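In: just to be clear, the model below is a prediction. Sequence and coordinates:
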Amino acid sequence: MTGTVFGSPWLQGLLSDAEIAARLGPDAQMHDMLQVEAAYARAKAAVGQVPEEIAGDAAKAILAFTPDLNLLAATALRDGMPVPGLVAQLRAALPEALHDAVHGGLTSQDVMDTALVLALRDVCDLLEARLGAVITALEGLSERFGAAQMMGMTRMQPALPITVRDRLRGWQGPLPRHLDRLTELRPRLLRLQLGGPVGTGSTLGGQRDAIAAHMAAALDLAAPDSAWHVERDALVEFGGWLAMLTGSLGKIGQDVALMAQSGPQVLRLASGGASSAMAHKTNPVDAEMLVTLARFNAAQLTGLTGTLLHEQERSGAAWTLEWMLLPQMMLATGAALSAAGRMVLAIETIGTTRA
């Protein structure tokens with residue numbers, strides 16, 4: 001579930017996001033999976049499947065466990081995922097008396113999907129905060145320059161005079177709606193996964209709902225009515241939200257790049273990128289990156305919709321494709337929000353004359 005948009009370290013600041021990358025990184029992901037396993041151990045005790053003392057000791061040992069990540073990588077190459085190797089390492093490290101509280105009844109997808117949701121919750125919080133900052137920055141820009149005049153452009157040609165506020169309205173309008181969409185999406189997205197090997201809960205001793213309720217409460221997630229192993233619509237919806245957000249930011253970036261092209265009398269940025277050959281140039285790099293990242297996420301969304309095609313009760317191929325695409329979209333969105341915030345704050349003047 002990790003990755004970067006491009007491997008080159010000199011491109012990471014442009015096209016990726018260090019904070020989101022760390023939240024999706026191997027250490028954080030392993031912590032999430034161990035949290036899920038520990039919550040399951042305690043839930044088994046809560047419903048009477050294992051003694052409380054055994055479950056408590058197992059949960060503490062699980063949370064204190066440090067897996068061998070190199071070994072985990074080797075077993076994941078064989079198994080197609082890390083959970084079987086992780087469970088094997090846990091059982092090898094924990095006393096046999098605790099094994100009844102470790103994983104039995106779960107499936108790998110229960111662990112990995114729930115771990116993903118824990119990460120998504122934090123990423124949503126981060127993106128929401130950054131989006132709020134961009135909205136505030138645009139409000140400040142409108143207050144400073146909104147009454148200034150400029151030429152309206154339709155189909156890339158001069159049309160009729162407008163104010164800066166008129167153009168900013170097209171930048172600002174979608175952003176609060178994106179916040180509303182995220183609020184509406186969270187309950188569908190931030191749900192525990194629990195179904196056992198074939199999603200029916202048949203390996204959970206007839207107590208799937210009770211176990212799910214205990215785990216969800218411990219992890220501060222919603223408890224689903226049933227497993228969503230093959231129901232990936234909420235994740236694709238989140239990907240759509242990411243693509244819409246970066247698309248809206250990309251529109252702002254595209255406008256800024258075009259306005260900067262018209263000369264400082266229309267828009268002037270306090271800072272920009274240097275040219276290796278032309279010292280007089282100040283390139284609108286953040287604006288360009290907003291366009292790039294919007295196009296990138298639009299392309300990834302096409303692939304992400306393919307992850308809806310889980311055959312029968314689980315798909316290895318669709319699931320793995322999801323791991324490849326969704327993190328990249330989150331990294332791109334984080335980078336876009338950072339670029340948008342920098343760019344808006346760097347606008348020194350916009351518009352040609354004051355009303």
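Out: All right, it came through fine. Numbers count the residues shown, from 1 in each chain.
In: okay, CA-based contacts and neighbour counts for the rest of this
Out: Will do.
In: show me what counts as buried in stretch 193-203.
Out: 193-199, 201, 203 (16 or more other Cα atoms under 10 Å).
In: can you check stretch 154-169 too?
Out: 162-168.
In: mean confidence for that stretch?
Out: For stretch 154-169, mean pLDDT is 95.
In: repeat that for stretch 120-140.
Out: 98.
In: okay, buried residues for that stretch please.
Out: Neighbour counts over stretch 120-140 (16+ other Cα under 10 Å) mark 120-121, 123-124, 127-128, 130-135, 137-139 as buried.
In: cool, stretch 214-227 as well?
Out: For stretch 214-227, a neighbour-count test (16+ other Cα under 10 Å) marks 214-216, 218-219, 221-224, 226-227 as buried.
In: will you turn the buried residues of stretch 154-169 into CSV that also has secondary structure and distance to L24?
Out: Listed next are the buried residues of stretch 154-169 as CSV, based on DSSP: H, G, I helix; E, B strand; the rest coil; distance: Cα to Cα, whole Å:
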residue, secondary structure, distance to L24
I162, strand, 44
T163, strand, 43
V164, helix, 39
R165, helix, 39
D166, helix, 39
R167, helix, 37
L168, helix, 34
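In: I'd say D17 and G334 touch.
Out: Yes: using Cα atoms under 8 Å, D17 is in contact with G334, at 5.6 Å.
In: returning to that earlier point: can I get the buried residues of stretch 154-169 in JSON lines with distance to A148?
Out: Formatted as JSON lines, those follow (distance: Cα to Cα, whole Å):
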{"residue": "I162", "distance to A148": "9"}
{"residue": "T163", "distance to A148": "5"}
{"residue": "V164", "distance to A148": "6"}
{"residue": "R165", "distance to A148": "8"}
{"residue": "D166", "distance to A148": "10"}
{"residue": "R167", "distance to A148": "11"}
{"residue": "L168", "distance to A148": "11"}
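In: which elements pack onto the lengthiest helix in the chain?
Out: Using DSSP state H, we find that the single longest helix of the chain is helix 108-145. Secondary-structure packing of helix 108-145 (3 or more Cα pairs under 8 Å, 6 or more residues apart in numbering; DSSP states H and E): helix 18-23, helix 26-46, helix 83-93, helix 164-172, helix 174-189, helix 316-346.
In: can you check which of the ones you listed gets nearest to T352?
Out: Proximity to T352 (Cα to Cα) singles out helix 164-172 among the helices and strands packed on helix 108-145, at 9.1 Å.
In: between helix 108-145 and that closest one, find me the angle.
Out: Here helix 164-172 runs at an angle of 180 degrees relative to helix 108-145 (axes from the mean of the first three to the mean of the last three Cα atoms, to 10 degrees).
In: so where is the protein shaky, pLDDT-wise?
Out: The chain contains residues with pLDDT under 70 at 1-7, 262-265, 271-282, 353-355.
In: how near is G104 to P84?
Out: From G104 over to P84 the distance is 11 Å, taken as Cα to Cα, to the nearest Å.
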